[in-house]
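# Sequence first, then the predicted structure, then my questions.
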Amino acid sequence: MYDAWPGATAGEMNRNPICGPFVPGRKALNQAGVFETVVAGAQFVDIGGDGLLNCDPASQCHIPLTATVTHGGKSIQVKIVDRCEACAIGDIDLTPTAFAALADQSLGRTSVQWHFNKY
């Protein structure tokens, strides 16, 4: 799934459009066509007139997709930040903290339901 994502670049596994560091600030075009702060932050991503995120090609400033993961009546929201080398199609690899929020870590692996969210 990850490598086939639209915009993914071979050999750049952690620069895939679905992952990246969180950038809290947003600037959007105003009526005059000038970028203005819409959400304050230490770093910014520009939201163009088409609603898409615009970044300097040398930086990875997009907002990562998030997913909701559910197991045993518990749900958490996680950020997609990198590629899971050992995952099969449809798998999701969680940090130890995220896994522990859903199940006992001693399980190592467990079945979950998950889906991408809009950001």
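The structure has been received and is ready for your questions.

# Residue 91 falls within a helix, correct?
No - counting by DSSP: H, G, I helix; E, B strand; the rest coil, residue 91 is not found in a helix; it is coil.

# show me the contacts for the spatially closest residue to it that is not a sequence neighbour.
Taking CB to CB, 6 or more residues apart in numbering, and ignoring the residues beside it in sequence, residue 91 has residue 84 as its nearest neighbour in space, at 6.6 Å. From N, CA and C alone the C-beta is placed, and that goes for glycine too. Neighbouring residues of residue 84 by CB atoms under 8 Å, 6 or more residues apart in numbering: 2, 91-93.

# Over to residue 75?
By CB under 8 Å, 6+ apart, the contact set of residue 75 is 68-69.

# Let's see that with 10 Å instead.
By CB atoms under 10 Å, 6 or more residues apart in numbering, residue 75 lies in contact with 68-69, 101-102, 112-114.

# And for residue 99?
By CB under 10 Å, 6+ apart, the contact set of residue 99 is 69, 71, 76, 78, 93, 105, 107-110, 112.

# That one: helix or strand, and which one exactly?
Using DSSP states H and E, residue 99 maps to helix 96-102.

# So residue 94 is in contact with residue 77, correct?
No - contact between residue 94 and residue 77 fails when scored by CB atoms under 10 Å: they sit 11.5 Å apart.

# just to revisit the earlier point, can you put the contacts of residue 75 in CSV and add secondary structure and neighbour count?
Output for those, formatted as CSV (DSSP: H, G, I helix; E, B strand; the rest coil; neighbours: other CB atoms under 10 Å):
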residue, secondary structure, neighbour count
68, strand, 13
69, strand, 20
101, helix, 15
102, helix, 19
112, coil, 19
113, strand, 10
114, strand, 17
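
# Sweet, I'm off.
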